[in-house]
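Participant: show me how the following folds:
(one chain, ligands or ions: 4)
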Amino acid sequence: MSITEVLGNAEIYSPRKVLDHPAFRVLKLGEKPSPDANIAAFYNPAHEIHLVEKPRPKPGPGQVLLHVRATGICGSDVHFWQHGRIGDSMVVTDECGSGHESAGEVVEVGEGVTQWNAGDRVAIEAGVPCSQASCDACRTGRYNACPDVVFFSTPPFHGTLTRWHLHPAQWLHRLPDNVSFEEGSLCEPLAVALAGIERSGLRLGDPLLICGAGPIGLISLLSARAAGAEPIVITDLFQNRLDFAKKLVPGVRTVLISRNSTSKEQAAQIKEAAGCPLSVTLECTGVESSVHTAVYSMKFGGKVFVIGVGKNEQLFPFMHLSANEIDVSFQYRYANQYPKAIRLVAGGLINIKPLVTHRFPLEEAVAAFHVAADPAQGAIKVQIQD
Ligand SMILES: NC(=O)c1ccc[n+]([C@@H]2O[C@H](COP(=O)([O-])OP(=O)(O)OC[C@H]3O[C@@H](n4cnc5c(N)ncnc54)[C@H](O)[C@@H]3O)[C@@H](O)[C@H]2O)c1
Ligand SMILES: OC[C@H](O)C(O)[C@@H](O)CO
Ligand SMILES: [Zn+2]
Ligand SMILES: [Zn+2]
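Facilitator: Ligands and ions are numbered 1, 2, ... in the order given. Next comes the predicted model:
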């Protein structure tokens, strides 16, 4: 089956000029949509974010229609809105629906779908790879590398921040009764953190540095604590984010980074806070100077594992890496992490609930974006719930 067959409703997902389509329209400012209208938050190349009404789709074969109940705003949603691109390959060229951290409820199933029934509660895996045997990435289980992946909310594919979302049945994950929609939605950034932990090789008792106390850094902190890292040092430029980290994991050691200090000076502060040589970093900022700080903080043979994304081209402290056999690796989204994420939340090993600091109804998604984008508001994770 081709990806278009899997997704169906090609006109809804295709990269055409969506607002020329009679079934799509931007809601006027202050307009009250009908309670079951399929509204969604879209960004566009003019750096606008607005509510768009789009058709309520019908599930085709293999598809499930979902009522999306909770969606978190990710830094990349804000990035696509405000900067219009992430790197060179993900560029906003037209109106595009936002959101990829979602959980919802099954409303209707298409032909051939036997594993889901109306009322089932699910986490939505936003990256749908081609799943063809001829695709090396899919066949070998590293499906985050699938060249034909449809990642909802990465242009040109509209996101899951909408009321009625159509999804292939195989890319949904059942939520146990003790996992809320809110937590189900947080399983997306948790999947990112778990992929990083798995591929970094972090083990029980490893002394760990986490750079950046945003949602990804904080979820990595919770996951690393559950994985048994000790000690854990976390950095940020903002004291309120470090205070939040300390509330989440009281044993964590915090280092406030000053923009006026050098990476070597920051590394000295980090090593002092750790009190022992650090062997692994989970770098969760993607900021060049922070990657350097991480490199200078590692012991001989350590590993800097970069989850954050940043500037297209960055310099590396080449000789320090070389003379200290420090490995640098990267994470691109995730593969095979959702079932693990849900088990860890359901089993009580990772409590992600405190991360949601702000909640908005779907009709107020635009206001939610403004809060998520303004550091002065102090939000960690902003969610839209319906
Ligand atoms: N690899 C992936 O697949 C993947 C997936 C999701 C997110 N990401 C990326 O991970 C990163 C973190 O995501 P987030 O949602 O937590 O973003 P965020 O912007 O909310 O958090 C980043 C944090 O890093 C801090 N920071 C910035 N510069 C710093 C420095 N020099 N030293 C220490 N801290 C510094 C910021 O103050 C902020 O608190 C982003 O780059 C995001 O795009 C990557
Ligand atoms: O959580 C997943 C990430 O936000 C995406 O990879 C994004 O950065 C680009 O599609
Ligand atoms: Zn994301
Ligand atoms: Zn593939």
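Participant: what parts of the stretch 101-250 of the chain come near ligand 1?
Facilitator: 192, 211-217, 235-238, 241 (Cβ under 6 Å from any ligand atom). Every C-beta, even on glycine, is put in place using the N, C-alpha and C of the backbone.
Participant: and these, which are buried?
Facilitator: Val192, Cys211, Gly212, Ala213, Gly214, Pro215, Ile216, Gly217, Thr235, Asp236, Leu237, Arg241 (16 or more other Cβ atoms under 10 Å).
Participant: secondary structure element for the fourth one?
Facilitator: When elements are assigned from DSSP states H and E, Ala213 belongs to no helix and no strand.
Participant: so how far is ligand 4 from it?
Facilitator: To ligand 4, Ala213 is 34 Å away according to Cβ to the ion, to the nearest Å.
Participant: repeat that for the last one.
Facilitator: According to Cβ to the ion, Arg241 and ligand 4 sit 37 Å apart.
Participant: between the residues of the stretch 101-250 of the chain next to ligand 1, which is nearest ligand 2?
Facilitator: Proximity of these to ligand 2 (Cβ to the nearest ligand atom) peaks at Val192, which lies at 5.3 Å.
Participant: phi, psi of that closest one?
Facilitator: phi -60, psi -50 (degrees, to the nearest 10).
Participant: touching, it and Tyr332? I think so.
Facilitator: No. Using Cβ atoms under 8 Å, Val192 makes no contact with Tyr332, being 9.7 Å away.
Participant: let's have the buried ones among the residues of the stretch 101-250 of the chain next to ligand 1 in a markdown table, adding distance to Ala40 and pLDDT.
Facilitator: Shown next, in a markdown table, are these (distance: Cβ to Cβ, whole Å; pLDDT from 0 to 100):
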| residue | distance to Ala40 | pLDDT |
| --- | --- | --- |
| Val192 | 23 | 98 |
| Cys211 | 34 | 98 |
| Gly212 | 29 | 98 |
| Ala213 | 30 | 98 |
| Gly214 | 25 | 97 |
| Pro215 | 22 | 98 |
| Ile216 | 24 | 98 |
| Gly217 | 29 | 98 |
| Thr235 | 36 | 98 |
| Asp236 | 32 | 98 |
| Leu237 | 33 | 97 |
| Arg241 | 30 | 97 |
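Participant: how deep is the residue in the chain that ligand 3 sits nearest to tucked in, by neighbour count?
Facilitator: Proximity of the chain to ligand 3 (Cβ to the ion) peaks at Cys74, 3.2 Å away. When neighbours are defined as other Cβ atoms under 10 Å, Cys74 has 24 of them.
Participant: avg pLDDT for stretch 54-61?
Facilitator: Regarding stretch 54-61, the rounded mean pLDDT is 89.
Participant: related to what we said a few turns ago, any idea which of the residues of the stretch 101-250 of the chain next to ligand 1 is closest to His83?
Facilitator: Checking those against His83 with Cβ to Cβ, the nearest one is Gly214 at 16.5 Å.
Participant: check what pLDDT the residue of the chain most remote from its centre gets.
Facilitator: In the chain, Ala323 marks the outermost C-alpha relative to the chain mean, sitting 34.3 Å out by Cα atoms, centre = their mean. pLDDT, the model's per-residue confidence, is 98 for Ala323.
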